[in-house]
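>>> next one to model:
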Amino acid sequence: MMMRGRLFWKILLGFWLTFLVMSQLLWLSFSLYGERHKPLEEIVVSRIATMQTELVAAALQHGGLGELNDVMLLLPQKEQKYISVTESPLPLSEQELVSAPQNALLDEAFAPEKRGAQRAAVVIKQISGPTGKWYQIRYDAERLRSEFRPPRPIEFLNVPVPFVIIAGVGGLLFSSVLAWSLARPLSQIRAGFDQVAQGDLNVRLLPVMHKRHDEISDVARDFDSMVERLDSLASAREQLLHDVSHELRSPLARLQLAIGLIRQNTDNIESSLQRIEREALLMDKMIGELLTLSRTEHSGIEEAYFDLLGLVTAVVNDTRYEAQVTGVEILLTADEKEDYTIKGNAELMRRAVDNVMRNALRFSAPTQQVSVSLIGNEQEWMIQVADQGPGVEKSKLSSIFDPFIRVDSPLSGKGYGLGLAIARKVVLAHGGHIEAENGEQCGLVIRLCVPRWKA
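Numbering: from 1, shown residues only. The predicted model follows:
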């Protein structure tokens, strides 16, 4: 199935044709511009033509045509066809030698055969005979060469057929391996996407492609990260739906109980209505917190520049007003000379700091202190909130920022466990991080870190 992919054939044909063309061009380049030494056959042909031409010239020079015929009889019959002799009363110029007709003075047995339209390459020599006549000797070297080495069959771009076959087969094998190595992992990635589209979030590609160490393995790694993220989001959604349904069950049960009491005894209408109103407000608060949690997790935040110190100071002042009832003291430490301008959503950041402050206030006993400090370095600002409450078990520190996680404590009060989860989502949406640890002696320390704004 993968062999029939369009990409496989595109890569195969593309690289194969490129391999063939490059091999032909390399052959032609070496043929045209390579070492220009004469082949052995050219040396042999040149020596034979020169030797026999000199032999004929010597015969004509000393004995004329009669001695030439005697010499020709000594030569093999096949070699007699290469020689032709013409005569003239006066010596011919070089141009006349080349263009002069070959009027044979030899017998028919010694005359060269007629050639095709293409003029053969010849060795020409002109000498004077004993009677004063001039003889022009022509030796058909091209004919000797063609019989010494028969003409090659017509070849593709003048390239030897074995070379074409080797280049074609080698290029086909190389292109097939290359096309397979590229098309196969892409088909695996496509199959992985099909599995994800069908709802299977357990598929992973990197274990199959970890040996490649190239860009395709990087794509597989990114694919696995995407699937893991989708899996975590799906699991979180299912867990959230389960937790929401569980949390709504209690107030709904109390609402039904209040309605039942009204039906049984009309004298308790006022107290039952107050109970219904209180449960409705609690449900409205929980739904509002869920909407805030969803907004920070699934949608982008509207960013603007704001003063982080001013925001923290406003939240501290509001918390101090509420802390008057319990007698908890709120302390704020910050360097007012610093520029605390950051970029983000001021309302969401205020909600995050407020949730952490209320969490510290909820777990603080009367006369205890909550210390808030705003410090920073070159990369980020850190808001640290430390209370003197009972703290959290070390094994549960990593889970207090999950939705609907509540710590068992007589000071915990009522809540749905969404405040710290919202704070974590807000800080992450601003490119920061949040952490919690127990104090050295008592209490809980929560740090919210957000990036500094660099002008």
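
>>> so Y305 sits in a strand?
Yes - assessed with DSSP: H, G, I helix; E, B strand; the rest coil, Y305 lies in a strand.

>>> can you give me the end-to-end distance of stretch 334-352?
One end of stretch 334-352 sits 19 Å from the other (CA to CA, to the nearest Å).

>>> which of the residues in that stretch are buried?
Under the neighbour-count criterion of 16 or more other CB atoms under 10 Å, stretch 334-352 has A334, Y340, I342, G344, N345, A346, L348, M349, R350, R351, A352 buried. Quick note: C-beta positions are derived from backbone N, CA and C, even for glycine.

>>> now these in a markdown table, with distance to L68 and pLDDT?
What follows is those, written out as a markdown table (distance: CB to CB, whole Å; pLDDT from 0 to 100):
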| residue | distance to L68 | pLDDT |
| --- | --- | --- |
| A334 | 123 | 93 |
| Y340 | 118 | 91 |
| I342 | 112 | 92 |
| G344 | 112 | 89 |
| N345 | 114 | 88 |
| A346 | 118 | 90 |
| L348 | 116 | 87 |
| M349 | 117 | 91 |
| R350 | 122 | 91 |
| R351 | 121 | 87 |
| A352 | 118 | 90 |
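
>>> now do the buried residues in stretch 14-28.
By neighbour count on 16+ other CB under 10 Å, the buried set for stretch 14-28 is F15, W16, F19, L20, S23, Q24, W27.

>>> among those, which pair sits farthest apart?
Among those, the pair separated by the greatest distance (CB to CB) is F15 and W27, at 18.7 Å.

>>> which residues does stretch 426-434 contact?
296, 301, 342, 344-345, 348-349, 351-352, 380, 401, 423-424, 446-451 (CB atoms under 8 Å, 6 or more residues apart in numbering).

>>> narrow those residues to those in strands?
Of the contacts of stretch 426-434, the ones assigned to strands by DSSP state E are I342, G344, E380, I446, R447, L448, C449, V450, P451.

>>> H242: which of the residues you listed is nearest?
Nearest to H242 among the ones in strands among the contacts of stretch 426-434, with distances taken as CB to CB, is I446, at 26.5 Å.

>>> looking at it, I127 is touching H62, isn't it?
No - with contact defined as CB atoms under 8 Å, I127 does not count as touching H62 (10.2 Å).

>>> comparing the two, which residue is more hemmed in?
Neighbour count, other CB atoms under 10 Å: between I127 and H62, I127 has more, with 18 against 11.

>>> name the SS class of the more buried one, please.
Three-state assignment for I127 (three-state DSSP): strand.

>>> how far away is it from E87?
Counting by CB to CB, to the nearest Å, the gap from I127 to E87 is 11 Å.

>>> again, but for P451
Distance of P451 to E87, given as CB to CB: 106 Å.

>>> centre of the protein to the edge, which residue is at the far end?
Most distant residue from the mean C-alpha position of the chain: T131, 89.5 Å away (CA atoms, centre = their mean).

>>> phi, psi for it please.
Note on T131: backbone dihedrals following degrees, to the nearest 10 are phi -90, psi 0.

>>> got it, and the one 3 residues further on?
The main-chain torsion angles of W134 are listed as degrees, to the nearest 10 and equal phi -100, psi 140.

>>> and the helix or strand harbouring G171, what's buried?
Secondary structure assigned from DSSP states H and E places G171 in helix 161-197. Applying a neighbour-count criterion of 16+ other CB under 10 Å, one finds 164, 167, 171-172, 175-176, 179, 182-185, 187-189, 192, 196 buried in helix 161-197.
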